[in-house]
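Enquirer: Sequence and predicted model, in that order:
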Amino acid sequence: MNNSKKKVSVIIPVYNGEKTLRQCLESVLDQAYKNYEVIIVNNNSNDRTKEIIKSFKQKNIKYIFEEYISRGAARNAGIKAATGKIITMTDADCIVPKNWLQKLTAPIIYGNEVAVIGSEKDLIKNYWTRNIQKANEEFLKRTTEGRYINHIDTKNFAIKSSTIKKIMFDANLENFEDLDLYLRLKKETKIRFIPLLKVGHNHKSSFIKTILSNFNKGFWTTKIYKKYKNSGFEKKHFMFESISLKNFFSFPIWLTLQFIKKPIGESSFLLISELSWRLGIIWALI
């Protein structure tokens, strides 16, 4: 089958994305793959997001407004409106390469894959973003098994439309909705990983943003843990390892070893990110 004959839907949720949205859309609209629609879900933004979206006049753009502020709800709104046989996703703070759709959808179109993810690269390259990128790369190595991965990252993601429309995202999750999706999807299929297919990402680029991001992630990881606590999932996915007394008690020893083994800049970043993550866990448990 000709790669360009199967229609693809690209879903981009956005909340207050005026700083990065225009570049994101320009890259998504400049694809070598031609048979696709772009569905932009404005998740009740209060900045210039709507104005920027409306400035693009291309016929393959659909605009959707989702009032309930939740990444899960925004993604679901896009999925419901999608008409493509394959649904792909990226985020409003990302820039995708020109061959992105071609390469991301190829394992589904030409192979027997159901879901595919790629990786990311740092667009800002300051102290915070470099360390975030390194931590993310180490995370991906830990979750990779051959050609497959025990993880979903919705900033660089493709899935058969028929599959995602059956399971959808949890609209109540404001963060880590992709972790929740993975826990349900892994019962049905493996996730193909293409590590060399990278989208550029504007990571959190400051001390405060890094703290808030990790606190939020720790909080919502714990909420997902509690959601599946009686199903046995908490014993099967390492994202939940830190939600235990044993982990909290061993954390000071682990952190001390990081300061011994790693450069001071990297170990200091780990201190900040891990402490804020655990504060998020505590806040979700109380």
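Expert: Nice, I can see it. Numbering: from 1, shown residues only.
Enquirer: which regions of this structure sit below the pLDDT cut-off?
Expert: In the prediction, the chain carries residues with pLDDT under 70 at positions 1-4, 232-236.
Enquirer: Pop the domain breakdown of it in here.
Expert: With domains defined by automatic domain parsing, the chain comprises 3-132+145-201, 207-285.
Enquirer: so how far does the shortest one reach from one end to the other?
Expert: With C-alpha to C-alpha, to the nearest Å as the measure, the ends of domain 207-285 fall 25 Å from one another.
Enquirer: Find the helix or strand that residue 64 is a member of.
Expert: For residue 64, the host element (DSSP states H and E) is strand 61-65.
Enquirer: Can you list the strands that that strand pairs with?
Expert: When pairing is defined by DSSP bridges, strand 61-65 lines up against strand 36-42 (parallel).
Enquirer: Tell me which stretches of this structure form helices.
Expert: For the chain, helices defined by DSSP state H occupy the ranges 21-28, 49-54, 71-81, 100-109, 127-143, 161-167, 177-185, 207-227, 245-261, 264-285.
Enquirer: These: which one's closest to residue 12?
Expert: Smallest distance to residue 12 across the helices of the chain (C-beta to C-beta): 6.7 Å, for helix 21-28. In this view, the C-beta of every residue, glycine as well, is placed from N, C-alpha and C.
Enquirer: buried set for that closest one?
Expert: Buried residues in helix 21-28, counted by 16 or more other C-beta atoms under 10 Å: 21-25, 27-28.
Enquirer: Same list (those residues) but as JSON lines, adding distance to residue 157.
Expert: Compiled in JSON lines, those are given as follows (distance: C-beta to C-beta, whole Å):
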{"residue": "21", "distance to residue 157": "19"}
{"residue": "22", "distance to residue 157": "22"}
{"residue": "23", "distance to residue 157": "19"}
{"residue": "24", "distance to residue 157": "15"}
{"residue": "25", "distance to residue 157": "18"}
{"residue": "27", "distance to residue 157": "16"}
{"residue": "28", "distance to residue 157": "14"}
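Enquirer: out of the helices of the chain, which comes closest to residue 63?
Expert: helix 49-54 (5.6 Å).
Enquirer: what helices or strands is the closest one leaning on?
Expert: Counting contacts by 3 or more C-beta pairs under 8 Å, 6 or more residues apart in numbering; DSSP states H and E, helix 49-54 packs against helix 21-28, strand 36-42, strand 61-65.
Enquirer: and residue 88, which of the ones you listed is closest to it?
Expert: With C-beta to C-beta as the yardstick, what comes closest out of these is strand 36-42 (8.0 Å).
Enquirer: Mind putting the helices of the chain into TSV with distance to residue 151?
Expert: Putting these into TSV (distance: least, C-beta to C-beta, whole Å) gives the following:
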stretch	distance to residue 151
helix 21-28	22
helix 49-54	28
helix 71-81	16
helix 100-109	15
helix 127-143	4
helix 161-167	16
helix 177-185	6
helix 207-227	13
helix 245-261	20
helix 264-285	17
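Enquirer: coming back round to it: could you single out the nearest of the buried residues of helix 21-28 to residue 126?
Expert: The closest of the buried residues of helix 21-28 to residue 126 turns out to be residue 23 (C-beta to C-beta; 17.9 Å).
Enquirer: Not counting sequence-adjacent ones, nearest residue to the closest one?
Expert: residue 95 (5.6 Å; C-beta to C-beta, 6 or more residues apart in numbering).
Enquirer: Could you give the bridge partners of the one you found?
Expert: Where residue 95 sits in a bridge, its partners, by DSSP bridges, are residue 200.
Enquirer: Give the full set of residues in contact with it.
Expert: 23-24, 27, 123, 199-200 (C-beta atoms under 8 Å, 6 or more residues apart in numbering).
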